[in-house]
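Asks: Sequence and predicted model, in that order:
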Amino acid sequence: MAAASPSDPEFLSRYGRWALISGASEGTGAEFSLQAAAKGLNLILVARRADKLAELADRIRATHGVDVVTVSLDLSQPGAMAALREAVEGRDLGLVVFNAGGDSVGGRFLDSPYEAWQSLTRRNVDLLTEACHFFATRFVTRGRGGIVLVGSEAALGGTGRLAIYTATKGYMCNLGESLWKELKPRGVDVLNLLIGATDTPKLRTVFAKNKLPLDAVPLTTSAEVARIGLAKLGQGPTVVLSAAEDSDNPLVSARVRRERVEWQSRFLDNFYGPSE
Ligand SMILES: NC(=O)c1ccc[n+]([C@@H]2O[C@H](COP(=O)([O-])OP(=O)(O)OC[C@H]3O[C@@H](n4cnc5c(N)ncnc54)[C@H](OP(=O)(O)O)[C@@H]3O)[C@@H](O)[C@H]2O)c1
């Protein structure tokens, strides 16, 4: 089915016609999907639960009249990248949102076997890196595209009971900032979206398990996360959702982080010669 009268032709021409969204079956991923479809993009929805994906796909087709395909896939398993490659084959992909990335293990480092943590590093580091290489290559070839990395304020430093999660989110943040610098001149936008506590089904499960009320901490809505992620895609490298626009805190200020990446990249000219 062809997309019906896109509400955002400018976004569509820059990041269309297809978007791939990982972790699309609920929460922020589902919201990214709904909002990208509202802009007129066709969608490839990726997550493990096929029934949830099918339900969302039906809803999106009915509401927005775009094409939607679903891919039921565990991103921490070997072969995940091959399945992603196959899913985008022959489709004019312009946007990728890496959203699946929550702490699927949880707790202290030594309280879970290494193999459990390895499933997290496989999805949040290994697969992420391979997928960025593959999709960025395609986007550079066509001269345009966008990559949204749904990160966390946990990327900003280590935290007890979040060792591997903060480590992988820190990796993602540094990768995103570096790719922003390298890919921007080649027509590709990269955005790290560092979010704090957000009302997702996954977070609700964690609160329920620990018998905590939902208002234990202030929560951002998933819809707001997706709205800001799509709106700020061209304003990378890093947006920390909770930071004030005029903040000059070097950890969270979008401006100061951007200036650091620019400065540090220029400094490297002293070692490798001019980059551009
Ligand atoms: N919620 C928060 O408070 C919060 C705070 C900071 C950052 N974040 C970030 O926001 C993003 C979304 O978080 P979330 O709370 O919704 O939790 P999440 O565990 O990342 O779940 C999000 C989606 O990812 C899918 N998913 C998880 N593991 C997968 C895997 N191995 N393969 C394929 N799909 C997988 C889930 O669907 P299936 O179960 O169907 O696969 C779900 O649709 C994550 O990157 C997280 O780090 C969230």
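Replies: Okay, I see it.
Asks: beta partners of the nearest residue to A57 once chain neighbours are set aside?
Replies: In space, and not counting its chain neighbours, A57 is closest to V68: 4.2 Å by C-beta to C-beta, 6 or more residues apart in numbering. In short, each C-beta sits where N, CA and C put it, glycine included. V68 forms beta bridges with L43, as assigned by DSSP bridges.
Asks: dump the residue contacts of V68.
Replies: V68 sits next to A37, N42, L43, I44, L45, A57, I60, R61 when contact means C-beta atoms under 8 Å, 6 or more residues apart in numbering.
Asks: State the number of residues packed around V188.
Replies: 22 (other C-beta atoms under 10 Å).
Asks: Look up how far G143 lies from it.
Replies: Per C-beta to C-beta, to the nearest Å, V188 is found 8 Å from G143.
Asks: out of the contacts of V68, who's nearest the ligand?
Replies: L45 (9.2 Å; C-beta to the nearest ligand atom).
Asks: The closest one - that's part of a helix, no?
Replies: No. Assignment of L45 by DSSP: H, G, I helix; E, B strand; the rest coil gives strand, placing it outside any helix.
Asks: okay, now it: neighbour count?
Replies: 28.
Asks: Now do the contacts for it.
Replies: I21, A24, S25, S33, L53, L56, A57, V68, V69, T70, V71.
Asks: where does it land on pLDDT?
Replies: Looking at L45, its pLDDT stands at 99.
Asks: Repeat that for S275.
Replies: pLDDT, S275: 79.
Asks: If we look just around the ligand, which residues of the stretch 151-276 of the chain are in range?
Replies: S152, I195, G196, A197, T198, T200, K202, L203 (C-beta under 6 Å from any ligand atom).
Asks: Now for the residues you listed, which sits with the most neighbours around it?
Replies: In those, the most neighbours by other C-beta under 10 Å go to S152, 26 neighbours.
Asks: State the distance from that one to R138.
Replies: 27 Å.
Asks: Same question for I195.
Replies: From I195 to R138 the distance is 27 Å (C-beta to C-beta).
Asks: any chance you could map the helices in this structure?
Replies: Remark: helices assigned in the chain by DSSP state H are 9-15, 27-38, 50-64, 80-88, 114-121, 128-142, 163-183, 201-209, 222-231, 254-267, 269-272.
Asks: Just name the most buried of these.
Replies: Compared across the helices of the chain, helix 27-38 shows the largest average neighbour count, a mean of 25 (mean count of other C-beta atoms under 10 Å).
Asks: Show me what it is packed against.
Replies: Other elements packing on helix 27-38 under the criterion 3 or more C-beta pairs under 8 Å, 6 or more residues apart in numbering; DSSP states H and E are strand 18-22, strand 42-47, helix 50-64, strand 93-98, strand 145-152, helix 201-209, helix 222-231.
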